[in-house]
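In: coordinates only, no sequence provided:
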């Protein structure tokens with residue numbers, strides 16, 4: 001993995017964390033719209049945050065909603 005890729009994903013994770021901190025729970029679609037990130041970058045960033053234990057996921061029917069994990 002290149003340093004540029006890691007930096008891109010890390011930056012996207014930061015944008016998503018900030019969006020969730022300000023706006024609360026959101027779907028991946030809402031995260032993409034609210035941050036201006038491409039859907040692939042949103043998915044990668046969600047994985048990054050999940051790996052770090054900083055994001056929680058809740059399923060509601062067929063939909064997934066993301067929020068910041070409680071400390």
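Out: Arrived safely. None of the values given here were measured: they were computed from a predicted structure. Numbers count the residues shown, from 1 in each chain.
In: is the closest residue in space to residue 48 that isn't next to it in sequence in a helix, a strand, or coil?
Out: For residue 48, ignoring the flanking residues on the chain, the nearest one in space by Cβ to Cβ, 6 or more residues apart in numbering is residue 13 at 4.3 Å. The C-beta positions use only the backbone N, C-alpha and C, and glycine is treated the same way. Three-state call for residue 13 (DSSP: H, G, I helix; E, B strand; the rest coil): helix.
In: quickly find the element holding the spatially most central residue of the chain.
Out: Centroid-nearest residue in the chain: residue 46, 3.7 Å away (criterion: Cα atoms, centre = their mean). Using DSSP states H and E, residue 46 sits within helix 39-51.
In: tell me the mean pLDDT for that helix?
Out: Per-region confidence: helix 39-51 scores 96 on mean pLDDT.
In: which SS class is residue 67?
Out: strand.
In: what's the burial count for it?
Out: Residues contacting residue 67 under the criterion other Cβ atoms under 10 Å number 15.
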